[in-house]
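K.L.:
Below are the sequence and a predicted model; questions follow.
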Amino acid sequence: MGHLDHAALGWLTPALSYVMACIGAALGLRCTVRALGATGRSRRNWLVTAASAIGTGIWTMHFVAMLGFSVSGTDIRYDVPLTIVSLLVAMVVVCAGVFAVGYSRDRIRALLLGGLTTGLGVASMHYLGMAAVRLHGDVHYDPVLVALSVVIAVVAATAALWAALNIKSPVAVTIASLIMGAAVSSMHYTGMFAVSVRVSPSGAALPGATAMQFIFPLAVGLGSYLFLTSAFVALSPTTGEREASASAQRPVESVAP
């Protein structure tokens with residue numbers, strides 16, 4: 001059995017992955033709050049931004065954490081197409097959950113269905129990402145820990161959607177994001193602790209790309225997207241601010257020649 005190290009770079013990757021999960025959650029919550037206060041195309045656009053932020057945050061969290069994953073006795077490579085599919089899965093399922101909550105009249109039913117769908121999708125993203133790992137040996141999973149990781153994913157997703165519906169203030173969003181980041185990280189590492197590897201030493205070249213060739217640049221790009229989108233959301237006026245501004249301008253417009 002190969003020795004697995006989940007933090008080969010020390011606490012850098014667990015800490016950074018947690019930060020990325022929190023940023024994605026915070027941005028997603030703020031965008032959902034904006035969406036619930038908007039209508040028409042504006043609501044749709046805010047929900048799409050929320051879904052992309054949460055999905056990107058979760059995926060980036062997973063693969064930043066994977067930068068610190070190593071197995072003694074073998075190199076590790078990543079299947080590029082399958083890794084990209086895992087990103088698309090994260091985006092699509094989170095989008096489905098967010099839109100269910102954003103448009104449904106029955107909020108409780110939408111919350112439960114959206115939480116289940118999104119949680120299963122997040123777990124699928126995680127295990128698709130693990131299926132993209134290429135190494136000299138066979139990967140096995142502890143079914144109990146796998147099931148536990150799926151339960152954590154569903155609970156975390158449901159809590160995230162509930163927070164999106166019920167939490168409005170920036171301070172509450174920040175606290176909720178810290179909790180959600182911890183939940184997503186817990187799901188990831190529970191799934192990783194379910195992994196065991198039986199190494200089969202070989203001199204053959206592994207297919208795929210190294211983490212630094214592919215995962216790191218993509219994670220940096222997606223992380224930059226989160227930061228830039230966060231800046232946009234922070235600078236964008238809320239619905240209330242736009243209404244107040246329009247109301248303040250009406251008297252001026254009425255007396256204009």
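P.N.:
Good, I have the coordinates.

K.L.:
drop to CA atoms for contacts and neighbour counts, all remaining ones
P.N.:
Noted.

K.L.:
quick one: buried residues of the host helix or strand of I175?
P.N.:
Taking DSSP states H and E as the definition, one finds I175 inside helix 170-193. Under the neighbour-count criterion of 16 or more other C-alpha atoms under 10 Å, helix 170-193 has 173-174, 176-192 buried.

K.L.:
what does stretch 129-137 give?
P.N.:
Neighbour-count burial for stretch 129-137 flags 129-130, 132-137 (criterion: 16+ other C-alpha under 10 Å).

K.L.:
What ranges does the stretch 151-257 of the chain have for its helices?
P.N.:
170-193, 216-235, 239-254 (DSSP state H, counting those that start in this stretch).

K.L.:
what's the closest of these to T118?
P.N.:
Among those, the nearest to T118 by C-alpha to C-alpha is helix 170-193 (12.2 Å).

K.L.:
Make a markdown table out of the buried residues of stretch 129-137 and add distance to R30.
P.N.:
Output for the buried residues of stretch 129-137, formatted as a markdown table (distance: C-alpha to C-alpha, whole Å):
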| residue | distance to R30 |
| --- | --- |
| G129 | 27 |
| M130 | 30 |
| A132 | 32 |
| V133 | 34 |
| R134 | 37 |
| L135 | 40 |
| H136 | 44 |
| G137 | 44 |
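
K.L.:
of the residues you listed, closest to G114?
P.N.:
Distance to G114 across those (C-alpha to C-alpha) is lowest for G129, with 22.1 Å.

K.L.:
and the helix or strand containing the closest one, what other elements does it pack with?
P.N.:
Using DSSP H and E, G129 sits in helix 107-131. Contact partners of helix 107-131 among helices and strands, from 3 or more C-alpha pairs under 8 Å, 6 or more residues apart in numbering; DSSP states H and E: helix 40-66, helix 80-103, helix 143-166.

K.L.:
most tightly surrounded among those?
P.N.:
Of all the helices and strands packed on helix 107-131, helix 40-66 carries the top mean neighbour count, a mean of 24, counting by mean count of other C-alpha atoms under 10 Å.

K.L.:
Next secondary structure after it?
P.N.:
Assigned by DSSP H and E, the successor of helix 40-66 is strand 70-71.

K.L.:
what's in contact with the helix or strand just after that following strand?
P.N.:
Downstream of strand 70-71, the next assigned helix or strand under DSSP H and E is strand 76-78. Strand 76-78 is contacted from outside by 70, 132-135, 206-211, using C-alpha atoms under 8 Å, 6 or more residues apart in numbering.

K.L.:
Try it again at 10 Å.
P.N.:
Strand 76-78 has contacts (C-alpha atoms under 10 Å, 6 or more residues apart in numbering) with 69-70, 129-136, 205-215.

K.L.:
In strands, which of those residues appear?
P.N.:
Among the contacts of strand 76-78, DSSP state E puts 70, 133-135 in strands.

K.L.:
Provide a list of residue ranges in this structure with pLDDT below threshold.
P.N.:
Within the chain, the stretches with pLDDT under 70 are 1, 234-257.

K.L.:
picking that back up, the helix holding I175 packs against which elements?
P.N.:
Under the contact definition 3 or more C-alpha pairs under 10 Å, 6 or more residues apart in numbering; DSSP states H and E, helix 170-193 sits against strand 4-5, helix 12-36, helix 40-66, helix 107-131, strand 137-141, helix 143-166.

K.L.:
The longest one: how far from the chain's middle?
P.N.:
Right, helix 40-66. Centroid displacement of helix 40-66 relative to its chain, using C-alpha atoms, centre = their mean, to the nearest Å, is 6 Å.

K.L.:
For the most centrally placed residue in the chain, list the residues it contacts.
P.N.:
Closest to where the C-alpha atoms of the chain average out (C-alpha atoms, centre = their mean) is I58, at 2.0 Å. By C-alpha under 10 Å, 6+ apart, the contact list for I58 reads 17-18, 20-25, 52, 64, 87, 90-91, 94, 122, 125-126, 181, 184-185, 188.

K.L.:
circling back to that earlier point, extract the C-alpha set from the helix holding I175 and format it as PDB.
P.N.:
Extracted in PDB, the C-alpha atoms of helix 170-193 (Å, rounded to 0.1, in the frame of the first residue of the first chain):
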ATOM      1  CA  PRO A 170     -23.200  41.200   5.100                       C
ATOM      2  CA  VAL A 171     -22.000  40.100   8.500                       C
ATOM      3  CA  ALA A 172     -24.400  37.100   8.500                       C
ATOM      4  CA  VAL A 173     -23.300  36.200   5.000                       C
ATOM      5  CA  THR A 174     -19.700  36.300   6.100                       C
ATOM      6  CA  ILE A 175     -20.300  34.000   9.100                       C
ATOM      7  CA  ALA A 176     -22.400  31.700   6.900                       C
ATOM      8  CA  SER A 177     -19.600  31.600   4.300                       C
ATOM      9  CA  LEU A 178     -17.000  30.600   6.900                       C
ATOM     10  CA  ILE A 179     -19.300  27.700   8.000                       C
ATOM     11  CA  MET A 180     -20.000  26.600   4.400                       C
ATOM     12  CA  GLY A 181     -16.300  26.700   3.600                       C
ATOM     13  CA  ALA A 182     -15.600  24.400   6.500                       C
ATOM     14  CA  ALA A 183     -18.400  22.100   5.400                       C
ATOM     15  CA  VAL A 184     -17.200  21.800   1.800                       C
ATOM     16  CA  SER A 185     -13.600  21.300   3.100                       C
ATOM     17  CA  SER A 186     -14.900  18.600   5.400                       C
ATOM     18  CA  MET A 187     -16.600  16.800   2.600                       C
ATOM     19  CA  HIS A 188     -13.400  16.900   0.500                       C
ATOM     20  CA  TYR A 189     -11.100  15.500   3.200                       C
ATOM     21  CA  THR A 190     -13.700  12.900   4.300                       C
ATOM     22  CA  GLY A 191     -13.700  11.700   0.700                       C
ATOM     23  CA  MET A 192      -9.900  11.800   0.600                       C
ATOM     24  CA  PHE A 193      -9.600   9.800   3.800                       C
END
